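Asks: give me the fold of what follows.
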Amino acid sequence: MAETPANTNTPLAGLKVPATAAQPAQKPKAKDIYTWGTGRRKTSVARVRIAPGKGELKINNRELDKFFTRPQDISNVIAPLKATKTEKSLDILVNVKGGGITGQSGAIMLGIARALKIYDPTLLPALRDGGFLTRDGRMVERKKPGQSGARRRYQFSKR
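Replies: Okay, here's the model as predicted:
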């Protein structure tokens with residue numbers, strides 16, 4: 001391997017630096033291409049990735065209408081995109097786990113809104129006005145000991 005002398009203006013002028021061939025262009029990493037957002041609702045967690053594209057939306061490697069069958073869940077997921085008019089210009093990849101269908105759609109909605117906020121800060125007023133950046137903190141109440149449920153109690157017997 002051929003060696004070239006280092007720049008003589010540096011304090012390490014006497015060191016030999018190996019000459020390198022032209023580096024091939026590196027493939028950009030996922031963290032450089034995508035904008036990430038995390039959404040949570042009940043016990044569901046959605047990790048959302050947004051990149052410029054043709055408007056594809058995949059949830060757990062399935063199309064939106066294959067993953068969600070109820071129209072209210074589909075409209076819930078695409079609501080932040082419609083509010084910001086970005087449904088045809090962004091590719092969205094979602095991984096969602098936990099909970100049920102409604103919780104998952106709410107988690108995806110929040111994740112998309114958070115990713116859009118980072119992707120383009122000018123969309124923040126539209127997302128805030130639509131209420132898409134507010135996390136719904138309602139959770140299932142825990143079961144209490146000595147009861148048959150969270151609130152339901154056993155029947156009281158006087159005698």
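
Asks: could you point out the longest helix of the protein?
Replies: Longest helix of the chain, by residue count under DSSP state H: helix 101-119.

Asks: now the element after that helix, going C-ward?
Replies: Following helix 101-119 in sequence order, the next helix or strand is helix 124-129 (DSSP states H and E).

Asks: mind listing what's buried along that following helix?
Replies: By 16 or more other CB atoms under 10 Å, the buried positions in helix 124-129 come out as A126, L127. From N, CA and C alone the C-beta is placed, and that goes for glycine too.

Asks: now that helix - C-alpha only, PDB.
Replies: Only the C-alpha atoms of helix 124-129 are listed here, as PDB (Å, rounded to 0.1, in the frame of the first residue of the first chain):
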ATOM      1  CA  LEU A 124     -47.500  22.000  13.800                       C
ATOM      2  CA  PRO A 125     -50.500  24.400  13.900                       C
ATOM      3  CA  ALA A 126     -52.700  22.100  11.800                       C
ATOM      4  CA  LEU A 127     -51.800  19.000  13.900                       C
ATOM      5  CA  ARG A 128     -52.400  20.900  17.200                       C
ATOM      6  CA  ASP A 129     -55.700  22.300  16.000                       C
END
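
Asks: could you give the average pLDDT over it?
Replies: In this model, helix 124-129 carries a mean pLDDT of 96.

Asks: ok, and what's touching that helix?
Replies: Contacts of helix 124-129 with the rest of the structure, by CB atoms under 8 Å, 6 or more residues apart in numbering, involve P80, A83, T84, A113, L116, K117, L133.

Asks: and what about the second one, helix, strand or coil?
Replies: Three states are possible here, and by DSSP: H, G, I helix; E, B strand; the rest coil the one that applies to A83 is helix.

Asks: endpoint to endpoint, stretch 37-49 covers what distance?
Replies: In stretch 37-49, first residue to last residue: 7 Å (CA to CA, to the nearest Å).
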